[in-house]
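Trainee: model the structure of this input:
(2 chains)
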Amino acid sequence: MNKEHDILEQAAKAFSEGPIPSGPPEDLIRQTLDKIEKEQTTIPLLERILKMKSLPKIAVAAIIIVALSAVLLFPTGPGSFALADVYEIVQQAPAFVYKMSMTMNGTMTGSTPPQNMEMEGTITVSKEYGMIMENTMHMIDQNTTMTQNIYILSAEKKMIQIMPNEKKYITMAFTEDLLQKMKEQNNDPREMIKKILKSEYTDLGISEIDGVKVQGFQTTDPAYAGVMCDDINATIWVDVKTGLPYRSEFSMKIGETLEMQGEMYDYEWNTIVQADDFVPVIPEDYTSMGNVELPKMDETSAIDGLRFHAELVGSYPEKIDMANLMQAMSKIRESETEAAIEFKKQMELAKTEEDTVQAMMQQMAPLQSLSMFYANLVQEKKDVAYFGSQVTPDDSDAVLMRWKVEGTTYKVIFGDLTIAEMEYEKLKDIEPQPKTEPSQP
Amino acid sequence: MGHWNITIEEHGSRVWNIVYRILGNDADASDCFQEVFLSAVKSSRKRKIRNMGAFLSLLASQRAIDMLRKQKTNIRMSTFSADCEHIESHEVSPEYCMQSDELSKQLRQALLKIPRIEAQVFCLRTLNEFSYRQIADEMNVNENYVGVLINRARGKLQKILKTVSVDYHCGREVPHE
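Mentor: Model prediction:
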C-alpha cells in the first residue's frame, strides 16, 4: 500500500468509524417532530389567498402589485454594485458550480397532453473545458423520474447527452453560436447578467436572503428572452460582500400554454475542476442514438426554414417562435403537399429509434434555425418585424421579414424568399402595417 | 403527523451518524438532521418513497455536504476537546480520539475541494457502506458511473491529503515531504 493510499485509508477509517456522540438527542427528535407537524399544517400564504373563493382575482392582483412595488421602491443602500461590475467579477471565475430547480407546467403545442415536470440539476461550468449538467426530471403526470447527464465540451465543440435510464446517448456537433445559446438556455449566470445588461432592468437595491446581504437586479424586458418566451421575469441577487451572484430566479411563458419557473442557487465560485471531470462516462452497454448536426442560425438557414414550412403546409408560419412552429407541424398530418408526403414517407422509413431521431432532427432543423435566428435578432434589439400572417408565398414583392443591419439600413426577406438591403425610408412605404407600430430607427 | 415518529425512531440514528460525521459538530448536525426529515416530508408528498432508509441516507449525505460547503470557513467546526466530552464510550482513549478527530477534519476539508457529486458518492460509500448498485439506484444513475465517480473522488482526495500530513502526537500540521 503506498503512502498516499494509506493517508486516505486512515482518514476514511477515522471519518467513518471514529468516535462521535451518540444521537440524535431526545430534544432534537422532539423539535424535529414539532417542525414536521407545523410543515404539514402550513400552506403558503399566496396559496391560501388564491384558494379564498370569495376574494376577487383583481384583489389578489392588487396585493401582488403592491407587494412588488414595495420591493421595487426599496432604496439602494451604500456599498451597492453596478451590474456591469458584477459581470466583470463573474468573468474572472475559472470554474464554478450551481444548482438549478425548475418547474414546467402545460404543454408545448396545446394539442398534446400536459407535460408537468419538476427538474433539479447541478451545473458545473469551466471556462477552459465547458459545462456538465446533471439533471433529474420528475414527470408529474406520468409519475416517472429520469436523469440525464449533458457534457458540453468547448474544445471538441460537441455536446453529449447521456440518458442512464434508457442506456442511450446522443452526440451533437455545434458551432460557436450554438455553444453560446446552450449557455443561455441553462441560465449560466455569466449569460444571465450579460442579457440583463442588454435589457431594460431595475436595480432592486439591498435585501437579505438566508441572512446574506444581497443586491437585486430584475428585468421584465421581452428582449431578455427573445421570442421564445413571453411574460419574462428574471432576477439576479448578488452577494454584496463578494460581488458574486448568490441566487437567481426566473419565470416565463412560452406560447399560450406553457409556463416555466425556476431558481438557481448554491453557487460555488471557487470550485476546482480537472480535465478528467469533463471526460464523458459512457458505459459499454449504452447505445448511440446517432451523431446529430445541430441547426445553424444564419439568414440562409432562416430562409430555408421559411421555404420548408411553405412547402410542407402551403403557407408561411404566422409567428416564428418554437411553440408556434411546433403547433404548425401538427398540420403536416393533414397536408397533402409534395413535401409533406415526402416528410411522412421519410418518417415511416425509419426502422429503429435511432433512425427516427436522426430523421426527425434532420427534417426539423430548418424550422429550429428559423426560430433561433429570429429569437437572436429580438435579443440583439435589431428592430425585427415578421409579417407571416399577412404575406403568402404568392406575394413575391411583399416584405415578409425585416431587421436592422446598421443605422437606417435594413435587410428584407420578400414573399418569394429573395433577400435585399434597403433604407428605412423606402422600407416603411412598402411593408405591411404591423399590429404594433415598429420603432423608428 | 402519522408515521414520522416511527420513521425517526427507525432511521434517526443512521441519519444522525451521517450528518454528524460529515459536519463534525452538534449544532450543524442538529440543523441538518431537521432539514433532512423536513425535506423527506416534502418529497413524500410528491412521490412514493420505496426505500425510506436508503432515501434518508442519500438525503442526509447530500444535505450535510451542501451545508459543509456553505460554511467553508468552518466557524462552527468543533475542537477536539469539545467533541470528546460528549463521547460516552469508555474504550476510547484521548489520543485515539484526537487523532481520529484530526484525520476526519482533514477529510472534511478535502471534501470541500472536490465536486459535490463526487463528495456525495464518496460519503455514501464510506459512511453507509452502500454498494455501487445501491448508490446507483438511489441516485438514479448508472452503476458504472458510480464507480467512475468514486475513483475520481478517491484520486482527488488522496492528492489533497498528500499535501498536508499531520503530526498526530503534537497536533500541529506539517507539510508532507
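
Trainee: so which bits of the stretch 51-200 of chain A are right by chain B?
Mentor: Neighbours of chain B within the stretch 51-200 of chain A, by Cβ under 8 Å from any Cβ of the partner chain: A:97, A:118, A:122, A:124, A:134, A:136, A:138, A:140, A:143, A:145-147, A:149, A:164-165, A:167. In this view, the C-beta of every residue, glycine as well, is placed from N, C-alpha and C.

Trainee: looking at the residues you listed, spot the one nearest residue A:106.
Mentor: When these are ranked by distance to residue A:106 (Cβ to Cβ), residue A:140 comes first, at 11.7 Å.

Trainee: nearest spatial neighbour of residue 137, skipping sequence neighbours?
Mentor: You didn't pick a chain, so chain A it is. residue A:119 (4.7 Å; Cβ to Cβ, 6 or more residues apart in numbering or on different chains).

Trainee: oops, wrong one, chain B.
Mentor: In space, residue B:137 is closest to residue B:54, 7.5 Å off (Cβ to Cβ, 6+ apart).

Trainee: could you tell me whether that neighbour really is in a helix?
Mentor: Yes: according to DSSP: H, G, I helix; E, B strand; the rest coil, residue B:54 belongs to a helix.

Trainee: what's the burial count for it?
Mentor: 18 (other Cβ atoms under 10 Å in any protein chain shown).

Trainee: kindly report the same for the one 10 residues further on.
Mentor: Residues near residue B:64, counting by other Cβ under 10 Å, number 31.

Trainee: low-confidence ranges, chain B, go.
Mentor: B:1-2, B:45-48, B:71-94, B:96, B:140, B:164-177 (pLDDT under 70).

Trainee: with adjacent residues omitted, what lies nearest to the most centrally placed residue in it?
Mentor: Nearest residue to the geometric centre of chain B (Cα atoms, centre = their mean): residue B:22, 3.0 Å. Counting by Cβ to Cβ, 6+ apart, residue B:64 is the residue found nearest to residue B:22 once chain neighbours are left out, at 3.7 Å.

Trainee: part of a helix, is the one you found?
Mentor: Yes: counting by three-state DSSP, residue B:64 falls inside a helix.

Trainee: touching, it and residue B:15? I think so.
Mentor: No: using Cβ atoms under 8 Å, residue B:64 makes no contact with residue B:15, being 9.4 Å away.

Trainee: helices of chain B, residue ranges please.
Mentor: B:4-23, B:26-46, B:52-70, B:80-85, B:94-111, B:116-128, B:132-139, B:143-163 (DSSP state H).

Trainee: looking at those, which is buried most?
Mentor: helix B:116-128 (a mean of 24; mean count of other Cβ atoms under 10 Å in any protein chain shown).

Trainee: starting at the chain centroid, how far to it?
Mentor: Centre-to-centre, helix B:116-128 and its host chain are 7 Å apart (Cα atoms, centre = their mean, to the nearest Å).

Trainee: run the angle between it and helix B:143-163 for me.
Mentor: Relative orientation of helix B:116-128 versus helix B:143-163 (axes from the mean of the first three to the mean of the last three Cα atoms, to 10 degrees): 90 degrees.

Trainee: put the alpha carbons of helix B:116-128 into CSV.
Mentor: This file holds the C-alpha atoms of helix B:116-128, laid out as CSV (Å, rounded to 0.1, in the frame of the first residue of the first chain):
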residue,chain,number,x,y,z
ARG,B,116,-20.2,17.9,-4.9
ILE,B,117,-21.5,14.8,-6.6
GLU,B,118,-18.1,13.0,-6.1
ALA,B,119,-18.2,14.0,-2.4
GLN,B,120,-21.7,12.7,-2.1
VAL,B,121,-20.9,9.4,-3.7
PHE,B,122,-17.8,9.0,-1.6
CYS,B,123,-19.7,9.6,1.6
LEU,B,124,-22.5,7.2,0.7
ARG,B,125,-19.9,4.5,0.0
THR,B,126,-17.7,5.3,3.1
LEU,B,127,-20.3,6.1,5.7
ASN,B,128,-23.1,3.9,4.7
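
Trainee: got the contact list for that helix?
Mentor: Outside of helix B:116-128, the residues within contact range by Cβ atoms under 8 Å, 6 or more residues apart in numbering or on different chains are A:12, A:15-16, A:97, A:122, A:134, A:268, B:14, B:17-18, B:21-22, B:57-58, B:61-62, B:64-66, B:69, B:111-112, B:114, B:130, B:132, B:134-135, B:138-139, B:146, B:149-150, B:152-154, B:156-157.

Trainee: mind running it again at 6 Å?
Mentor: If you take Cβ atoms under 6 Å, 6 or more residues apart in numbering or on different chains as the criterion, helix B:116-128 is touched by A:12, A:16, B:18, B:21, B:57, B:61-62, B:65, B:111, B:130, B:135, B:149-150, B:152-153.

Trainee: so which elements touch the strand or helix carrying residue A:39?
Mentor: According to DSSP states H and E, residue A:39 maps onto helix A:26-41. Here helix A:26-41 touches helix B:4-23, helix B:26-46, going by 3 or more Cβ pairs under 6 Å, 6 or more residues apart in numbering or on different chains; DSSP states H and E.

Trainee: quick check, the longest one touching chain A?
Mentor: The reference is to helix B:26-46. Yes: under the criterion of Cβ under 6 Å from any Cβ of the partner chain, chain A is reached by helix B:26-46 at B:30, B:33, B:34, B:37, B:38, B:41.

Trainee: out of those residues, what pair is the most spread apart?
Mentor: Checking these with Cβ to Cβ, the most distant pair is B:30 and B:41, at 17.2 Å.

Trainee: neighbours of the closest residue to residue A:338 other than its chain neighbours, how many?
Mentor: Excluding the flanking residues, the one nearest residue A:338 by Cβ to Cβ, 6+ apart is residue A:311, at 7.5 Å. Applying other Cβ under 10 Å, we find 17 residues neighbouring residue A:311.

Trainee: and residue A:311, that's in a helix?
Mentor: Yes: assigned with three-state DSSP, residue A:311 falls within a helix.

Trainee: quick one: it and residue A:341 touch, right?
Mentor: No: contact criterion Cβ atoms under 6 Å: residue A:311 and residue A:341 do not qualify, at 10.9 Å.

Trainee: coming back round to it: the helices and strands packed on helix A:26-41: which one's closest to residue A:395?
Mentor: Short answer: helix B:26-46, nearest of those by Cβ to Cβ, at 52.1 Å.

Trainee: using CSV, write out the CA atom coordinates for that closest one.
Mentor: Extracted C-alpha coordinates of helix B:26-46, given in CSV (Å, rounded to 0.1, in the frame of the first residue of the first chain):
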residue,chain,number,x,y,z
ASP,B,26,-23.6,19.2,17.4
ALA,B,27,-25.1,22.4,16.2
ASP,B,28,-24.7,21.9,12.5
ALA,B,29,-25.6,18.2,12.8
SER,B,30,-28.8,19.2,14.6
ASP,B,31,-29.8,21.7,12.0
CYS,B,32,-29.1,19.3,9.2
PHE,B,33,-30.9,16.4,10.9
GLN,B,34,-34.1,18.6,11.0
GLU,B,35,-33.6,19.7,7.4
VAL,B,36,-33.3,16.1,6.2
PHE,B,37,-36.6,15.0,7.8
LEU,B,38,-38.4,18.1,6.6
SER,B,39,-37.2,17.5,3.1
ALA,B,40,-38.3,13.9,3.3
VAL,B,41,-41.8,15.0,4.4
LYS,B,42,-42.0,17.3,1.4
SER,B,43,-40.7,14.7,-1.0
SER,B,44,-43.1,12.1,0.3
ARG,B,45,-46.0,14.3,-0.7
LYS,B,46,-44.8,14.4,-4.3
